[in-house]
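Trainee: predicted model follows, preceded by the sequence.
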Amino acid sequence: MSLPRQRGLTEQAATTAVDQACRMLRLPTIRSQFPELAEQAEREQMSYLGFLAELLLAECDDRARRRSERRIKAAGFPRDKSLRKFDFDANPNLDPAMVHTLAKCEWIKKGLPLCLIGDSGTGKSHLLIALGTEAAMAGYRVKYLLATRLVNELVEAADEKQLTKTIARYGRVDLLCIDELGYMELDRRGAELLFQVLTEREEKNSVAIASNESFSKAHLFRRTRARWCLNSTGSAASRRVRRSLAVHQELL
């Protein structure tokens, strides 16, 4: 289908032609915004080139927003959490500058892991979801799972002889967020299956883990080569952080 080309179109005919062309070219943002942008261009006496740039930039911005929304939805976050809503005042042992450095996602670009360690109620899940959301907005493929759900899925896949395919699927995402590791004890089989996922991702794609267990207790962390350890659990926290960081230095 082609649109008729005419010179000297009336305003109504031109509006109809733009609408039809946007439908054919799948430009929904230009289609919805061009009347308003056209009025703005007339008021500000924009050049034709400036007006065209405004239309195309609006379409590009809206497409980027929709892509971010799709990536966030695909990540499977259980709720909406952002760094803007995180209460740093309630977590005095947590360095805001370090968290905002993590939000720039350089560690994901380099394929490095992240461990968030602390007691219940210290904001580990909030940070995990917020940093995962930042990664999705930055263009990375992200997947969020509770540790127990991931292990159950791996066990079912192993029973159905689909383990290799399942591990490969989780190996392809740019950032795998595993929450609540350590809240429930894993049996030997579950721990070994989870370890296979971590091994598949090691030094290739990033994994972010939130746990209430220290490195000294979580044997699954021995191979994660964690670069960052965050803790925000009060007076006893500093001692645990020093222990965690000591193990961290041994792993590097």
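Mentor: Structure's in. What do you need?

Trainee: list the contacts of the closest residue to Leu56 other than its chain neighbours.
Mentor: Nearest residue to Leu56 in three dimensions, chain neighbours excluded: Ile30, at 7.8 Å (CB to CB, 6 or more residues apart in numbering). Quick note: C-beta positions are derived from backbone N, CA and C, even for glycine. Counting by CB atoms under 8 Å, 6 or more residues apart in numbering, Ile30 touches Val18, Cys22, Leu55, Leu56, Ala58, Glu59.

Trainee: which one of those sits closest to Thr122?
Mentor: Distance ranking of those against Thr122, using CB to CB, places Ala58 first at 41.8 Å.

Trainee: now do the strands in the stretch 51-200 of the chain.
Mentor: Taking DSSP state E, counting those that start in this stretch, the strands of the stretch 51-200 of the chain run over residues 114-117, 142-146, 175-181.

Trainee: and the ones you listed as a markdown table, adding mean pLDDT and distance to Leu94?
Mentor: Listed next are the strands of the stretch 51-200 of the chain as a markdown table, based on pLDDT from 0 to 100; distance: least, CB to CB, whole Å:
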| stretch | mean pLDDT | distance to Leu94 |
| --- | --- | --- |
| strand 114-117 | 89 | 10 |
| strand 142-146 | 96 | 21 |
| strand 175-181 | 93 | 17 |
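
Trainee: hang on, the earlier thing: Provide a ChimeraX selection command restricted to the buried entries of the contacts of Ile30.
Mentor: Entered in ChimeraX, the line below selects the buried ones among those, by 16 or more other CB atoms under 10 Å:
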select :18,22,55,58,59
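
Trainee: identify those among the contacts of Ile30 that sit within helices.
Mentor: Val18, Cys22, Leu55, Leu56, Ala58, Glu59 (DSSP state H).

Trainee: hang on, the earlier thing: most packed of the strands of the stretch 51-200 of the chain?
Mentor: Comparing the strands of the stretch 51-200 of the chain by mean neighbour count (mean count of other CB atoms under 10 Å), strand 114-117 ranks first with a mean of 26.

Trainee: tell me which residues touch the closest residue to Glu134 other than its chain neighbours, please.
Mentor: The shortest distance from Glu134 to any non-neighbouring residue, by CB to CB, 6+ apart, is to Ala103 (4.5 Å). The neighbourhood of Ala103, defined by CB under 8 Å, 6+ apart, consists of Leu83, Ala130, Leu131, Glu134.

Trainee: quick one: the first one from Ser32, how far?
Mentor: For Leu83, the distance to Ser32 under the criterion CB to CB, to the nearest Å works out to 31 Å.

Trainee: quick revisit: okay if I get the contacts of Ile30 as CSV plus pLDDT and distance to Glu202?
Mentor: Compiled in CSV, these are given as follows (pLDDT from 0 to 100; distance: CB to CB, whole Å):
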residue, pLDDT, distance to Glu202
Val18, 85, 52
Cys22, 86, 47
Leu55, 91, 46
Leu56, 92, 42
Ala58, 91, 42
Glu59, 90, 40
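
Trainee: in the protein, what residue spans correspond to helices?
Mentor: So, for the chain - with DSSP H - the helices run 11-25, 28-44, 48-75, 96-102, 106-109, 124-137, 147-159, 163-172, 188-201, 237-251.

Trainee: ok, which of these comes nearest Ala210?
Mentor: Relative to Ala210, the nearest member of the helices of the chain by CB to CB is helix 124-137, separated by 4.0 Å.

Trainee: which strands or helices does that closest one pack on?
Mentor: Here helix 124-137 touches helix 48-75, helix 96-102, strand 114-117, strand 142-146, strand 175-181, strand 206-211, going by 3 or more CB pairs under 8 Å, 6 or more residues apart in numbering; DSSP states H and E.
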